[in-house]
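Chemist: below are the sequence and a predicted model; questions follow.
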Amino acid sequence: MNAMYRRAVVNRLAFIDTKLPGWVSTLSLIGLIVLWEIVCRASSVPELYLPSPSAILVTGWDMIDSGELLINAKASMYRIGWGFVIGSIAGIVLGLATGFFRLAEAVGNPIVHALYPIPKIALLPLIILWLGIGELSKVTIISLGVFFPVIINTYSGVKNVDPLLIKAAVAFRASRLSIIRKVILPGALPVIFAGLKLAAGTSLLLLVAAEMIAAKEGIGAMILHYGDLMLTTKLMVGVLALSLLGIAFNYSLNWLEKQLISW
Amino acid sequence: MKVVIEQVGKCYQGSDGQIITALSDIDLTIHSEEFVVLVGPSGCGKSTLLTMVGGLLSPSSGTIYVEGLESDRDPVVGMVFQEIGLFPWRTVVQNIAFGLEETKLTKGEIANRVRYYIELVGLQGFENSLPRQLSGGMRQRVGIARALAIQPDLLLMDEPFSALDAQTRTLMQEELLKLWTATRLSTLYVTHNIEEAVYLADRVVVLSRRPGKIIDVISIDLPREGRDADACVTQFKNYASQIWQLIRKDAEEAIREGETA
């Protein structure tokens, strides 16, 4: 006679559903800053190499107060704003065209794929030669950097639109323009946004690079300037400003995505 | 208006370069106010034929034309798809309005028309829902309303209920019959479900497989309403088994070849 064992059945998938409270993530960021502050205060790391968070904040406040930070931030935001808008609109429009029209695809795709691998910053000297050292060359280089990821994503987004939806649209006699506007564009939107987010990172990179090469104002120029002067705290204020700019940028794109893609 | 399918064939180039004949020598007329159902085993080309009638695919041979329009224009064709094909970013109202937006109707006229068809298919209260918020049956109601709203000369339905569960399917068949009796549209309906075919059709067209040919056309001589009632049960079963005998061998072959489409 066998012994009668009794075992409760437990959910072995429970670990996937584990939920942590929201403050854990906040705490991790605060923890890093506190740790950084402690290291700076407790050890003899000179401010030249690693300024403490509190020192950066105080200096940052002074730079806001003097207007220096705002002037530079404004110059940078103007460049990245226009560059991003122009580059992404051109990328979306041409991506829709190359994705939808066979002729545009045959003509456009080889050009896009030939130019895409060029690191755009390598074109800056050429663009300065063509367009001068002013704002136009900086906006152009950012636009170029944004354009390529956006056109490539838009193209693949168009290709990934459910063929059934195009079939349905044609069955209901939609014109070519209606198909693009009412089916292809919304259908490709999720992938287009993936491209825009990718491009946001690229645009920040190109902004700083362009400002470091040729600009009087702008956060990139400011960072380089204080680096040369070995004023590390002020340099770090610039870095912090860039990080905030990047976060704000990403946040706005996420917000816009939620507004536009509600289904 | 009637649709005439004359000597239509369709060939594909297979992946190994071989020519596959999906359909050959199809001769069929869909008369005015007639409900024609195409049945056949998987891979008999029934959906292909429907797609060609809808003008979304060209036949390799033969012609398809409509006759008896009151003016020289393209026929208005309403299509209902198996996978429904609603636009996920459009609400119920906007989905039903899609076909109407391509016509010359004003916004007010479109709104009135959409409201009428929402009531007809029983979607009141879901006007502003998105497709993902609806059940399969509700979604296909939207699909049907979208096709009816353009007031088509011809209604094409490609296995509209095959993605639904059996209970929903039965209810939807009943509702479709009611809708059809109210509109009496010339209809071509594709299904692989024999009972569904006998339940809905004036005539059932039975297709063979590889190449798809018409084996038989069976007129269903039963009253439109109440075909599932006890009075008709023997005749209903006779029709169903007659059709099943016609396609059984092909259906078995289809399983062995692992054909799904």
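Modeler: The structure has been received and is ready for your questions. None of the values given here were measured: they were computed from a predicted structure. Numbers count the residues shown, from 1 in each chain, chains lettered A, B, ... in the order given.

Chemist: so who does residue 171 touch?
Modeler: Picked chain A for this. A:Ala171 sits next to B:54, B:56, B:77, B:79 when contact means C-beta atoms under 8 Å, 6 or more residues apart in numbering or on different chains. All C-beta atoms are positioned from the backbone trio N, CA, C, and that covers glycine.

Chemist: that's the wrong chain, I meant chain B
Modeler: B:Gly137.

Chemist: report the secondary structure element holding it.
Modeler: helix B:166-183 (DSSP states H and E).

Chemist: inside strands: which ones of the contacts of A:Ala171?
Modeler: Cross-referencing the contacts of A:Ala171 against strands under DSSP state E gives B:77, B:79.

Chemist: restrict the contacts of A:Ala171 to those near chain A?
Modeler: When C-beta under 8 Å from any C-beta of the partner chain is applied, the members of the contacts of A:Ala171 adjacent to chain A are B:54, B:56, B:77, B:79.

Chemist: tabulate those (JSON lines), appending distance to B:Ile243.
Modeler: Formatted as JSON lines, the ones next to chain A among the contacts of A:Ala171 follow (distance: C-beta to C-beta, whole Å):
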{"residue": "B:Gly54", "distance to B:Ile243": "24"}
{"residue": "B:Leu56", "distance to B:Ile243": "27"}
{"residue": "B:Val77", "distance to B:Ile243": "27"}
{"residue": "B:Met79", "distance to B:Ile243": "25"}
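
Chemist: now the helices: where do they sit in the chain?
Modeler: Chain wasn't specified; assuming chain A. With DSSP state H, the ranges of helices along chain A come out as A:23-42, A:53-65, A:68-100, A:102-115, A:124-131, A:135-159, A:163-171, A:176-178, A:185-213, A:219-228, A:232-260.

Chemist: wait, chain B was what I had in mind.
Modeler: Shown for chain B, the helices assigned by DSSP H span residues B:46-53, B:92-101, B:107-120, B:136-149, B:166-183, B:194-200, B:233-256.

Chemist: quick one: the ones you listed as TSV, columns for distance to A:Leu129 and mean pLDDT too.
Modeler: Putting the helices of chain B into TSV (distance: least, C-beta to C-beta, whole Å; pLDDT from 0 to 100) gives the following:
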stretch	distance to A:Leu129	mean pLDDT
helix B:46-53	57	92
helix B:92-101	50	95
helix B:107-120	54	94
helix B:136-149	57	94
helix B:166-183	68	90
helix B:194-200	72	91
helix B:233-256	68	85
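
Chemist: looking at those, which is closest to A:Met230?
Modeler: helix B:92-101 (61.6 Å; C-beta to C-beta).

Chemist: same for that closest one, what does it pack against?
Modeler: helix B:107-120, helix B:136-149 (3 or more C-beta pairs under 8 Å, 6 or more residues apart in numbering or on different chains; DSSP states H and E).

Chemist: of those, which is nearest chain A?
Modeler: helix B:136-149 (7.3 Å; C-beta to the nearest C-beta).

Chemist: what distance do you get for A:Leu165 to A:Leu96?
Modeler: Applying C-beta to C-beta, to the nearest Å, the value for A:Leu165 to A:Leu96 is 15 Å.

Chemist: no wait, A:Val139
Modeler: Taken as C-beta to C-beta, the span from A:Val139 to A:Leu96 is 23 Å.

Chemist: please identify the most buried of the helices of chain A.
Modeler: Neighbour counts (mean count of other C-beta atoms under 10 Å in any protein chain shown) averaged over each of the helices of chain A peak at helix A:135-159, with a mean of 24.

Chemist: and it with chain B, contact?
Modeler: No: judged by C-beta under 8 Å from any C-beta, helix A:135-159 stays clear of chain B, getting no closer than 13.7 Å.

Chemist: can you pull the contacts of the nearest residue to B:Gln124 once chain neighbours are set aside?
Modeler: Excluding the flanking residues, the one nearest B:Gln124 by C-beta to C-beta, 6 or more residues apart in numbering or on different chains is B:Ile118, at 6.2 Å. Neighbour list for B:Ile118: B:92-93, B:96, B:124, B:126-127, B:145 [criterion: C-beta under 8 Å, 6+ apart].

Chemist: try 10 Å this time
Modeler: B:92-93, B:96, B:124-127, B:141-142, B:145, B:149 (C-beta atoms under 10 Å, 6 or more residues apart in numbering or on different chains).

Chemist: which of those residues has the most neighbours?
Modeler: B:Ile96 (31 neighbours; other C-beta atoms under 10 Å in any protein chain shown).

Chemist: return the residues of the stretch 101-250 of chain A in contact with chain B.
Modeler: By C-beta under 10 Å from any C-beta of the partner chain, the residues of the stretch 101-250 of chain A that approach chain B are A:162-175, A:178, A:182-183, A:185-187, A:189.

Chemist: what about the residue in the stretch 151-261 of chain B that chain A sits nearest to, how many neighbours?
Modeler: The minimum distance from the stretch 151-261 of chain B to chain A, using C-beta to the nearest C-beta, falls at B:Leu156 (8.3 Å). B:Leu156 has 26 neighbours, counted by other C-beta under 10 Å.

Chemist: for B:Val204, see how far away it is.
Modeler: 16 Å.

Chemist: same check on B:Tyr116?
Modeler: Distance from B:Tyr116 to B:Val204, by C-beta to C-beta: 31 Å.

Chemist: more crowded one of the two?
Modeler: B:Val204 (26 against 13).
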